[in-house]
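Colleague: dropping the sequence and predicted coords here.
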Amino acid sequence: MSDQSHLQTPKTFSSITQFLHNCSQTKNLRGIKTLYAHLFRTGLLYSSPIIQSKLIFSYTTCLHENNIKTFTNCFKFINHNNPLPFNVLISDFFRNRLSFCSLKTLSFMHFHGVPLDTYALCSSLAASSSTKEVTFGKEVHAHVMKSGWLSSVFVGSALVDLYAKLSFVTDAKMVFDEIPVKNSVCANALLSGYCQAELWAEVLELVRLMPILKLDYDHFTLSAMLRACAGLSATEFGRQVHAYLIRKFNEVENDVFMQSSLIEMYGKCGSMLKALHVFNLAGYRTGAERNKDVVLWTSMLGVCGRNGHFKDVIKLYNAMLREGTKPDEVAFVTVISACGHTGQVKLGIEYFESMVRDYNLNPGLEHYSCLVDLLCRAGELEKAWNLINEMLHKGHGIGSVSMWGALLSACYDCGNSELGKLAAQKALQLDPQNSGIYVMLSNLYAKFGMWNEIGRLRELMKEKGLKKDTGCSWIEVTS
């Protein structure tokens with residue numbers, strides 16, 4: 001059927017937008033141009049700002065990458081006194097991962113005097129954060145300051161979120177302090193930035209400030225609090241947060257992500273039994289069975305692995321399969337690592353192979369690293385080296401420091417100085433300041449009486465100002 005025959009039917013708004021959507025999906029540029037001609041001839045083009053924006057969006061998505069920068073030429077038939085079609089465009093571009101077009105649209109609006117409202121500013125700031133480029137966001141920030149839009153908590157929250165996501169935590173805190181009337185959204189945006197930067201003390205400080213500012217805690221706030229408790233190994237405060245959750249929110253046991261945060265908090269604080277108790281209660285409803293969500297299983301698997309209960313990791317993994325939950329990539333990292341610590345080489349290889357065979361999951365760098373570690377622990381140097389070559393051939397980069405460190409350690413145990421030296425070189429290529437690799441290499445040289453090499457290694461460490469890391473441990477002090 002030709003494009004013209006299609007145009008005999010779209011007489012309503014919904015049919016026109018559906019036609020444009022279909023053209024976008026099929027990259028039917030000719031159909032869009034034909035519709036444009038039809039709307040222009042009949043005068044419908046100027047009757048609806050929404051249709052104008054949908055037409056431009058569909059046209060832009062069909063352009064080749066080298067032509068997409070010229071899409072603003074289409075703005076000539078839009079009334080520049082009406083921000084609505086531009087706002088719709090900014091939002092549509094952002095939702096469809098065309099953030100550059102969102103920013104280009106806002107720039108056009110500003111240059112041609114189209115009124116900027118909270119919707120345009122917030123959407124463009126969100127688009128700016130997705131591009132991982134702070135420059136445009138700072139330009140919007142300057143406009144916001146000059147035009148007085150910072151009085152809007154929505155614009156202020158979007159600015160805080162931008163700086164937090166791009167790790168400019170100091171700027172995020174500055175904007176937060178300048179917002180005259182705050183809400184939980186802007187506080188949570190700043191909390192997110194603190195969590196991303198692992199500034200756990202700042203998280204708790206802001207949480208304690210929120211009641212003074214008359215801001216309510218929501219699920220996101222409490223999740224950030226639990227992450228901070230885990231980061232600080234603050235078990236007692238984590239238990240208080242847990243108690244608050246039970247008192248204030250109904251059916252907490254059915255909130256998968258909150259339960260996952262609780263499990264990980266108790267696990268990182270070393271409270272295995274508490275984590276297991278939360279896991280056993282999670283997802284139960286009266287007369288119903290457990291909500292079989294892989295997030296909970298993965299969290300509990302990670303807790304067992306971090307606390308050295310490697311046999312329990314394998315048991316729990318088998319229980320997950322029996323309950324019909326499909327494992328994800330994270331679960332496989334944990335269970336393959338557990339096989340390495342329990343010396344079950346064949347089982348670890350079987351799990352690794354089952355990723356592709358049974359679950360259509362592609363092994364990543366972490367999976368290869370775990371399997372290499374497993375083989376190294378078993379003294380299977382040749383198999384480990386062959387696996388590394390396979391990983392390199394499949395384009396996973398040059399590996400990880402932990403993987404090369406495991407190979408270096410195995411070379412010490414098996415007495416392979418040449419391969420050990422290569423492993424150390426690769427590890428230091430990834431992390432030149434890693435003093436642990438230098439120490440392991442020095443031990444390898446000492447085993448073979450290579451004293452001249454040890455001397456040169458120590459001189460190199462002095463030149464770089466490296467020292468062996470001092471051991472430490474956490475202890476919670478309560479008053």
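Modeller: Thanks, I have the structure now.
Colleague: ok, for residue 427, nearest residue in space, not its chain neighbours?
Modeller: residue 404 (3.8 Å; CB to CB, 6 or more residues apart in numbering). For every residue, glycine as well, the C-beta is placed using N, CA and C.
Colleague: okay, now that neighbour: neighbour count?
Modeller: 27 (other CB atoms under 10 Å).
Colleague: after the helix or strand of the chain with the lowest mean pLDDT, next one along is what?
Modeller: Every helix and strand in the chain was compared by mean pLDDT, DSSP states H and E; the lowest is helix 3-6, with a mean of 42. Using DSSP states H and E, the helix or strand that follows helix 3-6 towards the C-terminus is helix 13-26.
Colleague: mind checking how far that following helix is from the chain centre?
Modeller: Offset of helix 13-26 from its chain centre (CA atoms, centre = their mean, to the nearest Å): 33 Å.
Colleague: and for stretch 48-56?
Modeller: Between the centre of stretch 48-56 and the centre of its chain there are 34 Å (CA atoms, centre = their mean).
Colleague: return the set of buried residues in that stretch.
Modeller: By neighbour count on 16 or more other CB atoms under 10 Å, the buried set for stretch 48-56 is 48-49, 51-56.
Colleague: go through these and say which is closest to residue 212.
Modeller: Using CB to CB, residue 53 comes nearest to residue 212 of the buried residues of stretch 48-56, at 43.2 Å.
Colleague: surely the closest one meets residue 85?
Modeller: Yes - applying CB atoms under 8 Å as the test, residue 53 and residue 85 come out as touching, 3.9 Å apart.
Colleague: shared neighbours, the two?
Modeller: residue 78 (CB atoms under 8 Å, 6 or more residues apart in numbering).
Colleague: quickly find the element holding residue 331.
Modeller: Residue-wise, residue 331 maps onto helix 329-342 under DSSP H and E.
Colleague: helices or strands up against the helix or strand following that helix?
Modeller: Downstream of helix 329-342, the next assigned helix or strand under DSSP H and E is helix 345-359. Helix 345-359 sits against helix 329-342, helix 365-377, with contacts defined as 3 or more CB pairs under 8 Å, 6 or more residues apart in numbering; DSSP states H and E.
Colleague: ok so, going back, need the contact list for the residue nearest to residue 427.
Modeller: Contact partners of residue 404, counting by CB under 8 Å, 6+ apart, are 423-424, 426-427, 430, 437.
Colleague: can you rerun that using 6 Å?
Modeller: By CB atoms under 6 Å, 6 or more residues apart in numbering, the residues touching residue 404 are 423, 426-427.
Colleague: for the closest residue to residue 270 other than its chain neighbours, phi and psi?
Modeller: Spatially, and ignoring its direct neighbours in sequence, residue 270 is nearest to residue 307 (6.5 Å; CB to CB, 6+ apart). The phi/psi pair for residue 307 (degrees, to the nearest 10) reads phi -100, psi 10.
Colleague: now swap in residue 459 and tell me
Modeller: Per degrees, to the nearest 10, the backbone of residue 459 is at phi -60, psi -40.
Colleague: same question, residue 449
Modeller: phi 70, psi 30.
Colleague: next, count neighbours for it.
Modeller: Considering only other CB under 10 Å, residue 449 is surrounded by 9 other residues.
Colleague: now swap in residue 409 and tell me
Modeller: Using other CB under 10 Å, residue 409 has 18 neighbouring residues.
Colleague: that's a strand at residue 361, yeah?
Modeller: No - applying DSSP: H, G, I helix; E, B strand; the rest coil, one finds residue 361 to be coil, outside a strand.
Colleague: what comes up buried for the helix holding residue 331?
Modeller: Using 16+ other CB under 10 Å as the burial criterion, the residues of helix 329-342 that qualify are 330-342.
Colleague: residues in contact with whatever helix or strand residue 265 lives in?
Modeller: Using DSSP H and E, residue 265 sits within helix 256-268. If you take CB under 6 Å, 6+ apart as the criterion, helix 256-268 is touched by 219, 223, 226, 229-230, 238, 274-275, 278-279, 282, 293, 295-296, 299-300, 303.
Colleague: one more time with 7 Å
Modeller: 219, 223, 226-227, 229-230, 233, 238, 242, 245, 252-253, 274-275, 278-279, 282, 291, 293, 295-296, 299-300, 302-303, 306-307 (CB atoms under 7 Å, 6 or more residues apart in numbering).
Colleague: next, the contact list for the closest residue to residue 49 other than its chain neighbours, please.
Modeller: Distance criterion CB to CB, 6+ apart; nearest residue to residue 49, sequence neighbours excluded, is residue 85 at 4.0 Å. Residues in contact with residue 85 (CB under 7 Å, 6+ apart) are 49-50, 52-53, 78.
Colleague: got the angle between the host helix or strand of residue 85 and helix 13-26?
Modeller: Assignment of secondary structure by DSSP H and E places residue 85 within helix 84-95. In terms of direction (axes from the mean of the first three to the mean of the last three CA atoms, to 10 degrees), helix 84-95 departs from helix 13-26 by 40 degrees.
Colleague: list the buried ones in helix 84-95?
Modeller: So for helix 84-95, counting by 16+ other CB under 10 Å, buried means 84-94.
Colleague: pull the CA atoms of that helix into PDB?
Modeller: What follows is helix 84-95, C-alpha atoms only, in PDB (Å, rounded to 0.1, in the frame of the first residue of the first chain):
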ATOM      1  CA  LEU A  84       4.400  23.600  24.400                       C
ATOM      2  CA  PRO A  85       5.600  21.800  21.200                       C
ATOM      3  CA  PHE A  86       9.200  22.500  22.100                       C
ATOM      4  CA  ASN A  87       8.700  21.000  25.600                       C
ATOM      5  CA  VAL A  88       7.100  17.900  24.100                       C
ATOM      6  CA  LEU A  89      10.100  17.600  21.700                       C
ATOM      7  CA  ILE A  90      12.600  17.900  24.600                       C
ATOM      8  CA  SER A  91      10.800  15.200  26.500                       C
ATOM      9  CA  ASP A  92      10.400  12.900  23.600                       C
ATOM     10  CA  PHE A  93      14.000  13.200  22.500                       C
ATOM     11  CA  PHE A  94      15.200  12.400  26.100                       C
ATOM     12  CA  ARG A  95      13.000   9.400  26.500                       C
END
